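Peer 1: no sequence for this one, just the structure:
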C-alpha cells in the first residue's frame, strides 16, 4: 500500500503516543491504534492501563460505559472484569468462579511527559530504553511546552503526514508563509541516520522577517543575516520534532544570545489509527520567553492554523488515492530526498518485522484470542465456541 | 457469518412480523426484509398486500409514490399495475394489452393481533397453522397490550438481539437495574424445546423491591420471598416473549392473588432487514391493571428506555465486528447456555433449508424474475432483455 | 454493468459537456469525469484549460487552492507549475531547473455556446468537426436560452437518465402531467440513426390544454386538434434535446404561425462522473417569446421541478441496483423501443472502443503516468519511484 512496497504499512515494534496523559481518567475511552481497538483508563492507583478494547465474551466494547473498579475494568454488558495491568480475568459474575488463566491482551504503556506511550507490537520486545527521553524530545526542564494541541483523527494514512514534514518546501505554498523560500531551497542539506533517529539539517542564512518579529520580538531585530540550523528529527516512526531557524551567529555581531534567541521545537506526533487514518497530537516547546503564557498561547494558535492546512492536504490526497487509485509514478525531485530516506528507513523496519520470526510471533500475539489456551470456564454447557 | 457456521444466516421458511397493522394503509411503503425490498399496502377491500418492491420493467421502487387502485398497485414511473394479492400484471399503459401471464412476486401475509406477519421463504410452505396464536403470544383477550413501541431499524444483525434476550445476567450491568442479581444467577434453569418453541424457565425466589412497587403497587407489598418463574419463550425465530417474575406463591401467605399479581409479558420482535440490520418491534401485555391506561404508558416508557440500551449494545458490537472482524473465539460461561441452545437450534433450521431440495426451490422463488416464463408482452421490438 | 453487457460503460471518444462556460474562471475547480479528476480553469488569455487534476509529484489536487499564473497552473503543495494548454511542467521551485519533457495530461476542450466541451478519450481522435453546431443544438441566434439549470451531481449511472428520456410515457406518471396520455402512446413512432444522431419522432395530434396555455398564451387557443412532431434527438452520447409538440398544422385553420407557435427545446446534458454518478446540466431554448424574460424564468422553474422528479427516479433506481443487485430480467414493452435502440447504439460504440487498437491506445493515454518517459528531474536522489 502506497507508499510502501507491500501491504504491510506499520512498524509495530516501536513506541507510539497513544493518548495525552491528561486524557486518561477513570472513565475509560477507546482509541483505535493500528487497526485494533484499545481501551485506555487510569486505575485507582493512578497508573495508566491499555487493554484490547473488546470483551472476549460478547465483543462488547469495554470502553462503552465500562467501570474502573480498583485496578480492574468491568465490562458493562455482563460484568466480566479484567485486571488493568496483567489482563487477567478476575471475575465473571454469572460463573461460580473466575476462569483459571484467561488473560485479555494488555499493551505495554509508559506515561512520560505529556504523553502516554504504547507499544503496539510484540510485548516481549517492548523496551523502555528505546523510548526517547524528555531531553531528546526537548521536553525536559530546559523547555516550556505550550498548551497541547487538541488530538485530531486525520482521515489520511500516516505517511502523508510524515512525508509532508520531510519536505519543507511546501511552507511557501501550502502555508503561504512569507519565508525566504530560496533560503530553504538553497540551504545545504545533510541527513544522518542512527538506529534511534533520522536527522535532517539545513544550514541556513536567514534574514530578519515577520517570523522573527513574532518569535524574538521586534526590539531584538538585527540588520545582517544570521546563521542557523533548520533541524528535523524523526525520533520514532511516529514522533517528529523540527525547529525554526534559531539564530546561532549573527553577521557583524557574533554569537547570538540564547536567552533572547531561544530554541523553538514543534512536536508532530502521528500514530496510525487505521491504514487510512491517523491520530495527530502535538505541541511546541521553547527555551526562551518561558514565563510568557500569552506567547505560548500564540504559538499554539499559529500552529493549530498551520496544521489545519497540513491536515487539509493529507486528507485531500488520501481521498484522491482512495477514489482514483494509488499514484502510478511519482515525479520526485531534490527536495524529496529526505522523504525518500524516511520511506526507505521505514520500509526496512517493516520488512524486518514481517520477515523475522520474532515479528511473526508478535503478529500472532496481536490476536487477542491467541492466549485462549484454556477457554472453558463454566460448568454446564459453557464452552469456547469458535465462530 | 457470525455467529453461524456458514454464510447463510436466515431461517426463511417461518413467519415474521413485517410491520405493524397500523402502519399499512393505501399509501404503500417499502421495508427491506431479508435483503429483499418489500412493498406493503392495504387494498380497497382492506386486505394487506406485500409484494416484491421493484417494478420488473425499470426497477423503480413500487413504494415511491406508487398508487393503490382497488386491489392493485400502480408503479409511479410508467404506470405498470399489479394485483396486490396474486401479483398478476394487469395493465401496462403503453402496451396494447397486459401481458398474458406475468406475476410479480407476492408474499404470504396474515394480519393477526397488532402485527402483519410475512413468510419470506417458499410460498408453497407458508402454513398459517404455524403462526403462533394470540393465546400463545399472550395477546388474546386475557391481556391488555401497551401502546406499541415505535418500530426501529437497528444497525446490527438480528442474532445480537436474540442472544441478548437469552442471557438475562446483562440486566444488572447494561440496564443497571436494582434487581437481585444473585437470584438470576443462582436460579435453577430449565430449557425445553419443541418444533414450535424454545422455552427457558428460571425458578426464582424473589424479594419485594422497586420493580414490584411499580408493577404491583406498594400497598400490596409482602414481607417474605415469593416463588416465581422467569420465563422466556422463543415462539418463532424472530418473536421472543419474556415475563417478569410474577409471584405465584408467597412465603407465609400462600398462592398469590392473580388479579393483583398479574402476568406481564415483554414482546421482542426482531425481523432481519439485512445481514447487518434488524427491524425491532415490540410491546408489553399484562393480565392485571388492564384498565389503567397510565400504567400501560409507564410500561411503554420504561421498556423504550431499556431497549435503547440493548440497541446501543447491539449496534456497538455490530460496528466492532464490521471494523475489526468476527470474534475469533468466545469466552462462554454458564449464563450462555440458553444462547448456545438457540444458536444451535437456528443453525439446524438454516442447515435444513440450505440442504433440502424444498429449500432450494424456495430460494429460487426469491428471484422475482424466476417466473418470467413468457416475458415478451408488446408487439414491436419489445422483449425481455436479460441484463 | 447494467444496462451494458460488460464492465465497460463509457463511450470515451466523444465530446461531453464538462462544465458551464460561466463556471470557469481563474479559480480552478475539480470535476470528476469518467472516473478521472479534471481541473478546469481559465488562463490569463481567457482560454479554458482542462488538465488531469492530481499533481504528479505528490498527488495533491491541483484545484485545491491552485493558482492560475498566466497560462499556467501552480500546485498549492510544493509549487509545481504546468502549462494549461500543453501540460508541460514549466517549473519546480525546489529543483534547479524544470524537467526537460514532462507533460501533465491535458484534455481537448472547446468552449461553444453556454458549454465547455471536453473529449475524455484519445486526444488524437478529438475532432472538433464532430462537435454539434449551435444550429444543430437549437442554440444559435434563432433561439433564446433560458437561464441555465444549476449543475447537479446525480447519484445514478448516466444510462438511467438517458433511458428515462427515451420513453416519454413516464410523463403521465412520474410528472403527473395532465397531458393527453393516449396521444403519446398512440402516436406513430419513427426512429432514425446516423453516425451523428439518433432521432425519435412521434407524429402527434394534440388538443389544446394547460400546457399550451402556458407555452402559447390562452388568447391563441384554437378549437381543433393540431398536428405536431414530438422529437427527441441524441446528438452525442451525453446530449439529448427534445421538443414539446409545436403545432405545425391546425385542424380547420391551416399552417400554424411560427411566430406564435414557436419551437421549444429542452436540453438534457448528462456527463458521466463515475459509474454510479452523473453530472446533469441543462436549459431550454425557444424560438418565440424571445424577449420575455419572465417566460424564460418560468420555463426554468418548471423544468427544474420536472427534472427533480427525474432525478429522484434515477437515484432511487441506482440505490436499489446497488443494494439489491442488477435487474435479473426486464419486462420491456412497446414504449421501450427507443431506449432499446439507444442502448444497442451505445453498446456498439463501447464495443468498438474496447476492441479497436485505437481505443486501446486511447485507454493507455488515460493513465497520466503513461507519458513519464523521462521522469527523473533532479540531481541527487531524485527519482521517479514506482509505487
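Peer 2: Perfect, I can see it now. Small disclaimer: the values here were computed from a predicted structure and weren't measured.

Peer 1: And the helices in chain A, which stretches?
Peer 2: Counting by DSSP state H, chain A has helices at residues A:134-137, A:158-166, A:171-174, A:181-186, A:210-216, A:293-324, A:337-355, A:357-365.

Peer 1: which of these sits most buried?
Peer 2: When neighbours are counted by mean count of other Cβ atoms under 10 Å in any protein chain shown, the highest per-stretch mean among these falls to helix A:158-166, a mean of 23. Using the backbone N, CA and C atoms, a C-beta is placed for each residue, glycine as well.

Peer 1: what is the orientation angle of that helix with helix A:293-324?
Peer 2: Comparing the axes of helix A:158-166 and helix A:293-324 via axes from the mean of the first three to the mean of the last three Cα atoms, to 10 degrees yields an angle of 130 degrees.

Peer 1: ok, and what's touching helix A:158-166?
Peer 2: Counting by Cβ atoms under 8 Å, 6 or more residues apart in numbering or on different chains, the neighbours of helix A:158-166 from elsewhere in the structure are A:2-4, A:9, A:154, A:170, A:200, A:232, A:234, A:237-238, A:240, A:242, A:268, A:270-272, A:278, A:280, A:310, A:313-314, A:317-318, A:336, A:338-339, A:341-343, A:346, C:58.

Peer 1: what about the residue of the stretch 51-200 of chain A found nearest chain C, how many neighbours?
Peer 2: For the stretch 51-200 of chain A, the nearest residue to chain C under the criterion Cβ to the nearest Cβ is residue A:169, separated by 4.3 Å. Counted with other Cβ atoms under 10 Å in any protein chain shown, the neighbours of residue A:169 add up to 21.

Peer 1: Which one of the helices of chain A lies nearest to residue C:300?
Peer 2: Comparing the helices of chain A against residue C:300 with Cβ to Cβ, the closest turns out to be helix A:293-324 (32.7 Å).

Peer 1: Could you pull out the buried residues of stretch A:117-133?
Peer 2: With burial defined by 16 or more other Cβ atoms under 10 Å in any protein chain shown, the residues of stretch A:117-133 counted as buried are A:117, A:118, A:119, A:120, A:121, A:122, A:125, A:126, A:131, A:132.

Peer 1: Give me the distance from that stretch to the chain's centre.
Peer 2: Mean-position distance between stretch A:117-133 and its chain equals 13 Å (Cα atoms, centre = their mean, to the nearest Å).

Peer 1: Distance across it, terminal residue to terminal residue?
Peer 2: Using Cα to Cα, to the nearest Å, the end-to-end distance of stretch A:117-133 comes to 12 Å.

Peer 1: near chain C, which residues of the stretch 251-387 of chain A?
Peer 2: A:312-313, A:316-317, A:320-321, A:323-324, A:326-337, A:340-341 (Cβ under 8 Å from any Cβ of the partner chain).

Peer 1: Mind doing that once more with 6 Å?
Peer 2: On the criterion Cβ under 6 Å from any Cβ of the partner chain, chain C has as its neighbours in the stretch 251-387 of chain A the residues A:316-317, A:320, A:326-335, A:337, A:340.

Peer 1: what's the residue of the stretch 51-200 of chain A closest to chain C in contact with, if anything?
Peer 2: A:335, C:78, C:94 (Cβ atoms under 6 Å, 6 or more residues apart in numbering or on different chains).

Peer 1: What residue, apart from its backbone neighbours, is nearest the residue in the stretch 51-200 of chain A that chain B sits nearest to spatially?
Peer 2: Sorted by distance to chain B under Cβ to the nearest Cβ, the residues of the stretch 51-200 of chain A start with residue A:94, at 3.7 Å. For residue A:94, ignoring the flanking residues on the chain, the nearest one in space by Cβ to Cβ, 6 or more residues apart in numbering or on different chains is residue B:335 at 3.7 Å.

Peer 1: how many neighbours does that neighbour have?
Peer 2: Per other Cβ under 10 Å, the neighbour tally for residue B:335 reads 24.

Peer 1: And the residues of the stretch 251-387 of chain A next to chain C, which is the shakiest by pLDDT?
Peer 2: Lowest pLDDT of those: residue A:329, 78.

Peer 1: List the contacts of residue A:239.
Peer 2: Residues residue A:269 are the ones in contact with residue A:239 under the rule Cβ under 6 Å, 6+ apart.

Peer 1: What's opposite it in the beta bridge?
Peer 2: residue A:236, residue A:269 (DSSP bridges).

Peer 1: What distance do you get for it to residue A:230?
Peer 2: With distances taken as Cβ to Cβ, to the nearest Å, residue A:239 is found 18 Å from residue A:230.

Peer 1: Where does pLDDT dip in chain A?
Peer 2: Scanning chain A for pLDDT under 70 picks out the ranges A:177-180, A:357-387.

Peer 1: Break it into its domains for me.
Peer 2: Annotated domains of chain A cover A:22-126, A:138-354 [automatic domain parsing].

Peer 1: nearest to residue B:226, of those domains?
Peer 2: domain A:22-126 (22.4 Å).

Peer 1: and the residue of the stretch 1-150 of chain A nearest chain C?
Peer 2: Nearest residue of the stretch 1-150 of chain A to chain C (Cβ to the nearest Cβ) works out as residue A:2 at 5.0 Å.

Peer 1: list the contacts for residue A:157?
Peer 2: residue A:276.

Peer 1: Residues of the stretch 1-150 of chain A that sit close to chain C?
Peer 2: By Cβ under 6 Å from any Cβ, the residues of the stretch 1-150 of chain A that approach chain C are residue A:2.

Peer 1: try it again with 7 Å
Peer 2: Residues of the stretch 1-150 of chain A lying near chain C by Cβ under 7 Å from any Cβ of the partner chain: A:2, A:3.

Peer 1: Can you name the residues of the stretch 1-150 of chain A that neighbour chain B?
Peer 2: Proximity of the stretch 1-150 of chain A to chain B is assessed by Cβ under 7 Å from any Cβ, with A:37, A:54, A:56-61, A:64, A:76-79, A:92-95, A:102 identified as the residues in range.
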